[in-house]
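>>> Compute the structure for the input listed below.
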Amino acid sequence: MVRTAKTLAFLLAAVPVGAIALAVLLAGCVAVPILACTPLVVPALAAYRFAVGGVARIDATLANRLLGTDVHPPATSPGPRGYWRTAGNVLADGAFWRQQAYLFTRLSLGYAVALAEWTLLATSLGLITLPIWYRWGHPQLTDSWHVDTLGRAVLGLPVGIAGLSLSLALIRPLTAMYRGVVVSLLGRESNGAVAERTFTDRRRAFVIHASASLALVLFFVLIWAVTSRGYFWPEWPIIVLGLALSLHGWVELDDAHPEITRVGRATRGLAVQEGVTVVLSIFFTLIWAVTGAGYFWPVWPTAVLVLAVVIHAPSVYSGRGAQERIAVLEETRAGAVDHQETELERIERDLHDGAQARLVALGMSLGMAEQKLASDPDAAQRLLAEAREGTREALQELRQLARGIHPPVLADRGLAAAIAAIADRTPLRVDVSVDVPRRPPKPAESAAYFVVAEALANAGKHAHAAHVAIDVHEDGDDLVAEVVDDGAGGANPLGGGLRGLAQRVEALDGTLEVISPHGEGTTIRAVIPCGS
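Coordinates of the predicted model:
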């Protein structure tokens, strides 16, 4: 019985809440478009957002206490700070649109359901108690049915009982329906923080918004058809509802398909502003049309809106370029750090597995030779010979390791000699062309050398190439290193070796391009800036 009373109270609350919601929605849908071509649109939109959120929070509190839900809708929209960004935060806030859809539902469907349920309940109770009060009220149910005797009053008793049973039977499904509406449109928030919603959730919210708008339009058209059928006044709420739905739809379209709404490097804020400009221009044109046409005044607010977009666009594109540049620098810096860590791990591994192991074996051989020097000179001589050979191999491995870090020939004689040296050590047929009149900076020179060295190693080890062409030259302030082989192709640019080269080149603000179709050889081209 308590649950029934709470549900009836929540239904009855649709009358005052719906009246407040109607005033807020009408005020916002009128004030925001009127001020859209002025800077005052930002505080108007923020105030409208706060009012919608406030009414939604009031009704959510009623739902929490009367229906047992646990929702806490926010009254503000999160996002980056800034005067104009405040408007973008509101327009991009899915909770704002879902709250409007909820208020539309509450003042239309909610009011109708509350009216029907309470009318059925009150009528049923009146018929049940009719034998008591008919003497004082003298009710007349129809034109020809006047209840003036106890017999006639008793006849209303079964109708009242049936109506009361029906009204009570509707309580449970109405409770479930309202709980679902409240949770789906006002839920998914906790302590005022907006939760991340998936594309499916946001699409569902838009569908609910569209359905509520359609229901409200049909409600107004029905009232017009039943009352006068004269001037078609529902065109005004249709235009206002269409404005809100169009703005919501544009925001959702921009989120779902940014490639459609954004041109070039445009940001989400500019795309939303462009959509709002188009929607408001159509809105003003419709207002002009339904007010009798005449002088086409919408050209002026439309011109102001377009001018605002024109002013906003250059700053967005320039700022977008700077942001992209920062992102590239952050990525290349992270790649350079990863590459350095990988190189240090390789050097440590090579030292541990190669030269260090041989030096340990060398120490053991010298110790054993020292022990056998007096008792077995021949064995000691053999151990010393092994130690000498181990020393030679350890030195060779150390030289190779040092060459992998920074080849001495590169430091002493330059890029042309270093590339010629690695080409001579390669069993492949290699054509080398190095045209670098002035010596590049050491980082660029080292990067070009390792690009050539890694490409040569891959050509022999993985591509099974027979011929490799190396071309290193200057192109303005850039150092270009290109290696072309006739191998099997199919090189993976994201593989360990090539990815490491790309990180090394990108750390110098350069680019590495890998073209490797299957069966057509591989071309590796690095462009490294050398200018000051």
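
>>> ok, then the element right after the helix or strand containing R392?
Using DSSP states H and E, R392 sits in helix 377-405. Going down the chain from helix 377-405, the next helix or strand is helix 408-413, by DSSP H and E.

>>> Quick one: mean pLDDT over the helix holding R392.
Helix 377-405 shows a mean pLDDT of 69.

>>> got it, and stretch 300-318?
Taken as a whole, stretch 300-318 has a mean pLDDT of 78.

>>> buried sites along it?
301-302, 305, 308, 312-313, 316 (16 or more other C-beta atoms under 10 Å). Using the backbone N, CA and C atoms, a C-beta is placed for each residue, glycine as well.

>>> Throw these into JSON lines and include distance to T227 and secondary structure, thanks.
Shown next, in JSON lines, are those (distance: C-beta to C-beta, whole Å; DSSP: H, G, I helix; E, B strand; the rest coil):
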{"residue": "P301", "distance to T227": "34", "secondary structure": "helix"}
{"residue": "T302", "distance to T227": "35", "secondary structure": "helix"}
{"residue": "L305", "distance to T227": "37", "secondary structure": "helix"}
{"residue": "A308", "distance to T227": "42", "secondary structure": "helix"}
{"residue": "H312", "distance to T227": "46", "secondary structure": "helix"}
{"residue": "A313", "distance to T227": "49", "secondary structure": "helix"}
{"residue": "V316", "distance to T227": "50", "secondary structure": "helix"}
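
>>> and which of these is nearest A56?
Comparing the buried residues of stretch 300-318 against A56 with C-beta to C-beta places L305 closest, at 28.8 Å.

>>> which strand residues sit across from V484 in the sheet?
With DSSP bridges as the criterion, V484 is bridged to A469, T523.

>>> how far away is it from P39?
59 Å (C-beta to C-beta, to the nearest Å).

>>> again with P298
If you measure P298 against P39 using C-beta to C-beta, the figure is 20 Å.

>>> So for those two, which sits in the more crowded spot?
A direct count of neighbours by other C-beta atoms under 10 Å for P298 and P39 places P298 higher, at 18 against 12.

>>> Excluding chain neighbours, give the residue nearest to the more buried one in space.
Excluding its sequence neighbours, the residue lying closest to P298 (C-beta to C-beta, 6 or more residues apart in numbering) is F284, at 3.7 Å.

>>> State the phi and psi torsions of that neighbour.
Dihedral angles of F284 (phi, psi; degrees, to the nearest 10) stand at phi -60, psi -40.

>>> Which stretches in the stretch 201-350 of the chain count as helices?
For the stretch 201-350 of the chain, the helices defined by DSSP state H, counting those that start in this stretch occupy 235-256, 258-261, 268-290, 299-350.

>>> any idea which of those scores lowest on pLDDT?
helix 299-350 - the lowest mean pLDDT of these, at a mean of 64.

>>> For the stretch 1-150 of the chain, which segments are assigned as helices?
Along the stretch 1-150 of the chain, the stretches classed as helices by DSSP H, counting those that start in this stretch are 2-12, 14-34, 41-66, 83-91, 94-105, 111-128, 130-137, 150-169.

>>> Quick check: A418 touching Y449?
Yes: between A418 and Y449 there is a contact under C-beta atoms under 8 Å: 5.4 Å.

>>> neighbour-wise, which of those two wins?
More neighbours surround A418 than the other of A418 and Y449, with 25 against 21 (other C-beta under 10 Å).

>>> If you drop the residues flanking it in sequence, what lies closest to the more buried one?
Leaving out its chain neighbours, A418 is closest to L410 (C-beta to C-beta, 6+ apart), at 3.9 Å.

>>> Could you give the number of residues near that neighbour?
L410, neighbours per other C-beta under 10 Å, totals 23.

>>> again, but for the one 10 residues further on
When neighbours are defined as other C-beta under 10 Å, A420 has 16 of them.

>>> Can you list the buried residues in whichever strand or helix holds it?
Assigned by DSSP H and E, A420 belongs to helix 415-425. In terms of neighbour count (16+ other C-beta under 10 Å), helix 415-425 has its buried residues at 415-416, 418-423.

>>> Quick check: V514 is in a strand.
Yes: under DSSP: H, G, I helix; E, B strand; the rest coil, V514 falls within a strand.

>>> which residues touch the closest residue to it other than its chain neighbours?
Distances taken as C-beta to C-beta, 6+ apart put P493 closest to V514, at 4.2 Å, once the chain neighbours are dropped. When contacts are counted by C-beta atoms under 8 Å, 6 or more residues apart in numbering, P493 touches 499, 502, 514, 516.

>>> Same check on T129?
Residues near T129 by C-beta under 8 Å, 6+ apart: G160.

>>> what's the burial count for T119?
T119 has 12 neighbouring residues, counting by other C-beta under 10 Å.

>>> list the buried ones in stretch 155-169?
155-156, 160, 163-164, 167.

>>> Switch those over to a markdown table; also include pLDDT and distance to E274.
Shown next, in a markdown table, are those (pLDDT from 0 to 100; distance: C-beta to C-beta, whole Å):
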| residue | pLDDT | distance to E274 |
| --- | --- | --- |
| L155 | 72 | 68 |
| G156 | 72 | 64 |
| G160 | 78 | 60 |
| G163 | 79 | 55 |
| L164 | 80 | 57 |
| S167 | 80 | 51 |
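
>>> Let me know the closest of the residues you listed to K6.
The closest of these to K6 turns out to be S167 (C-beta to C-beta; 15.1 Å).

>>> residue contacts, the closest one?
S167 neighbours (C-beta under 8 Å, 6+ apart): 117, 120-121, 124.

>>> where's it relative to T4, distance?
10 Å.

>>> And for S365?
Separation of S365 from T4 (C-beta to C-beta): 97 Å.

>>> Of these two, which one has the most company?
Shown here are S365 and T4; by other C-beta under 10 Å, S365 has more neighbours (20 against 14).

>>> Quick check: mean pLDDT of the strand or helix carrying the more buried one?
For S365, the element it lies in under DSSP H and E is helix 356-372. Helix 356-372 carries an average pLDDT of 69.
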